[in-house]
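Chemist: Here is my input, please return the structure:
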Amino acid sequence: MAHVDIQKYSSHPDGYTEYFMIVSFLGQQWSVKKRFSDFVDLDSYMKQKRITIPVELPARNWWQRFDPFVLQQRQKELQVCIVAYY
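Modeler: Numbers count the residues shown, from 1 in each chain. The predicted structure is shown next:
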């Protein structure tokens, strides 16, 4: 079974946030960077395939998208979503 751990986030100078993850599967590990929009795309794809999880993605928050508290909370909520898929 795969394990995904969102370890941290970083605000990019181009105006978006990247989430840094470690993905482990069958003894292998990869470092992956994803934007929030990538999580939205994954969620849309899974819904198209009729794969649902019991939690929703965190809401977009344009006005506070770089607020450290909002980003920490979003990181925790994204982690819950990723774990729910596995």
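
Chemist: Which positions in the helix or strand hosting residue 5 come out as buried?
Modeler: Using DSSP states H and E, residue 5 falls within strand 3-12. The neighbour-count check on strand 3-12 (16 or more other Cβ atoms under 10 Å) flags 4, 6, 9 as buried. (Glycine included, C-beta is placed from N, CA and C.)

Chemist: nearest to residue 72, of these?
Modeler: residue 9 (8.0 Å; Cβ to Cβ).

Chemist: all strands for the protein, in order.
Modeler: Shown for the chain, the strands assigned by DSSP state E span residues 3-12, 16-25, 28-35.

Chemist: Export the ones you listed to a markdown table and append columns for mean pLDDT.
Modeler: Formatted as a markdown table, those follow (pLDDT from 0 to 100):
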| stretch | mean pLDDT |
| --- | --- |
| strand 3-12 | 92 |
| strand 16-25 | 94 |
| strand 28-35 | 96 |
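
Chemist: mind putting these in JSON lines, distance to residue 72 included?
Modeler: As requested, these are exported to JSON lines (distance: least, Cβ to Cβ, whole Å):
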{"stretch": "strand 3-12", "distance to residue 72": "8"}
{"stretch": "strand 16-25", "distance to residue 72": "11"}
{"stretch": "strand 28-35", "distance to residue 72": "17"}
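
Chemist: Scan this protein for its longest helix.
Modeler: Taking DSSP state H as the criterion, the chain has its longest helix at helix 68-85.
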